[in-house]
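In: mind folding the following:
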Amino acid sequence: MSSRPSPLRATLAGALGFRGRRNLAAWLVAGGIAYYLYVVPERQRSDEQQRVREQAKKWAEEAAAAAAASSGKSH
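Out: So this is what the prediction gives:
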């Protein structure tokens, strides 16, 4: 049997530069660092914006209810 590299391995080596276990491990570490530097903060920012929107909506509803209650008393 001849040992030919698999097409997947050849594609990864050519396109992404994976050339062995050490290199693959380095890519995994870099991917993990990138995840925590970019994805996690973006998700936290998105969650915070959603909380702010919900709080603003709650305050607007309370203000509208208070305005409706005060205008109902004046008539």
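
In: could you use CA atoms for every contact and neighbour count after this?
Out: Noted.

In: same for the lengthiest helix in the chain, what does it pack against?
Out: Scanning the chain for the helix with the most residues, using DSSP state H, yields helix 40-74. With contacts defined as 3 or more CA pairs under 8 Å, 6 or more residues apart in numbering; DSSP states H and E, helix 40-74 has no helix or strand neighbours.

In: extract the CA atoms of the least confident helix or strand in the chain by mean pLDDT and return them as PDB.
Out: Of all the helices and strands that make up the chain, helix 7-15 has the lowest average by mean pLDDT, DSSP states H and E, namely a mean of 74. What follows is helix 7-15, C-alpha atoms only, in PDB (Å, rounded to 0.1, in the frame of the first residue of the first chain):
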ATOM      1  CA  PRO A   7      -7.500  15.200   0.200                       C
ATOM      2  CA  LEU A   8      -8.700  16.800   3.400                       C
ATOM      3  CA  ARG A   9      -5.200  17.000   4.800                       C
ATOM      4  CA  ALA A  10      -3.800  18.400   1.600                       C
ATOM      5  CA  THR A  11      -6.600  21.100   1.500                       C
ATOM      6  CA  LEU A  12      -6.000  22.100   5.100                       C
ATOM      7  CA  ALA A  13      -2.200  22.200   4.600                       C
ATOM      8  CA  GLY A  14      -2.500  24.300   1.400                       C
ATOM      9  CA  ALA A  15      -5.300  26.700   2.400                       C
END
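
In: centre of the chain to it, how far?
Out: 28 Å (CA atoms, centre = their mean, to the nearest Å).
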